[in-house]
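Colleague: Sequence and predicted model, in that order:
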Amino acid sequence: MSPIFDHFSWVAPFYDRFFAVDPGPLRDLLKLPGAGWVLDLGGGTGRVAQALRGDSDEIVVLDESVGMLRQARRKGLPVVCGEAEHLPFVGGAFARILVVDAFHHLRDQQRAACELLRVLAPGGRLVMEEPNVERIPVWLIAFGEKLALMRSHFRSPRAVQRMFEAVGGRVRLEREGARFWAVVEAEDERPLA
Ligand SMILES: C[S@@+](CC[C@H](N)C(=O)[O-])C[C@H]1O[C@@H](n2cnc3c(N)ncnc32)[C@H](O)[C@@H]1O
């Protein structure tokens, strides 16, 4: 199901000019460089994937916004147009998954969490970077996105942790300033998505 109004296609040509990339923490938390396929879920223009490109065998950007993916294609990145809630990949396809500033935009976060763990390879690692809504500036941004009729739903670090634990993930949280990271590994017994 495509968004009613794709805000991201509209901003895609300018997106990278407004958001600087800081790949350092992601590289460390993902334990890159490393072997195997990497999925950048909700990867948009490929802003982050491009910065991590030299650290992985292959990195693929999945996003539902055609306009955002067009920018990623221009960078020569492999792209897949699809929804986080219905990932078009076989189970265990990815050694590493990153989700940067995208989880709060997803339509059905619980469903996406199941899908993410399904496509994560045994022993693989998922790192999610999100703005920390417990910080006032982020709370104000969240409020602004509501006014702009974006469907974003920000969750606290603990709520994200509980959500991934509920679908079989082992979760460690890292916080710095107005952002946080959830580092997720699959438990041995995985639920069927
Ligand atoms: C704020 S942008 C972040 C893009 C990129 N991760 C970055 O940090 O530059 C959020 C992205 O999530 C994508 N998105 C939102 N809902 C999605 C869904 N259900 N499935 C796939 N992508 C989605 C949007 O199209 C957008 O490109």
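Modeller: The structure has been received and is ready for your questions. Given the structure is predicted, the values throughout are model-derived calculations rather than measurements.
Colleague: partners of the host helix or strand of residue 39, with directions?
Modeller: Residue 39 is part of strand 34-41 when elements are defined by DSSP states H and E. Strand 34-41 sits in its sheet next to strand 56-63 (parallel), strand 94-100 (parallel), going by DSSP bridges.
Colleague: would CSV of those with mean neighbour count, distance to residue 148 and mean pLDDT be doable?
Modeller: Where you see a C-beta, it was placed from the backbone N, CA and C, and this is true even at glycine. Supplementary listing: the strands paired with strand 34-41 in CSV, determined by neighbours: other C-beta atoms under 10 Å; distance: least, C-beta to C-beta, whole Å; pLDDT from 0 to 100:
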stretch, mean neighbour count, distance to residue 148, mean pLDDT
strand 56-63, 21, 19, 93
strand 94-100, 25, 20, 97
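Colleague: What residues does this protein have near the ligand?
Modeller: Within reach of the ligand by C-beta under 6 Å from any ligand atom, the chain has these residues: 8, 19, 42-45, 47-48, 63-65, 68, 83-85, 100-102, 105-107.
Colleague: Apply 8 Å and report the result again.
Modeller: Within the chain, the positions near the ligand by C-beta under 8 Å from any ligand atom are 3, 6, 8-9, 12, 15-16, 19, 21, 40-48, 62-65, 68, 82-85, 98-102, 105-108, 112, 129.
Colleague: what about the helices in this structure?
Modeller: 7-18, 24-30, 47-52, 66-74, 109-119, 136-147, 157-166 (DSSP state H).
Colleague: Could you dump those into CSV and include mean neighbour count and mean pLDDT?
Modeller: Listed next are the helices of the chain as CSV, based on neighbours: other C-beta atoms under 10 Å; pLDDT from 0 to 100:
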stretch, mean neighbour count, mean pLDDT
helix 7-18, 15, 91
helix 24-30, 17, 96
helix 47-52, 22, 96
helix 66-74, 19, 97
helix 109-119, 21, 98
helix 136-147, 13, 90
helix 157-166, 17, 97
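Colleague: Compare those helices and give me the one nearest residue 58.
Modeller: Nearest of those to residue 58, taken as C-beta to C-beta: helix 47-52 at 10.4 Å.
Colleague: From the contact counts, what lies against the closest one?
Modeller: Using 3 or more C-beta pairs under 8 Å, 6 or more residues apart in numbering; DSSP states H and E as the contact criterion, the elements in contact with helix 47-52 are helix 24-30, strand 34-41, strand 56-63, strand 94-100.
Colleague: Can you give me the buried ones in the second one?
Modeller: So that's strand 34-41. For strand 34-41, the buried set under the neighbour-count rule, 16 or more other C-beta atoms under 10 Å, comprises 37, 38, 39, 40, 41.
Colleague: Specify the beta-bridge partners of the residue positioned nearest the centre of the chain.
Modeller: With distances taken as C-alpha atoms, centre = their mean, residue 99 lies nearest the centre of the chain, 1.5 Å away. When assigned by DSSP bridges, residue 99 has beta-bridge partners residue 128.
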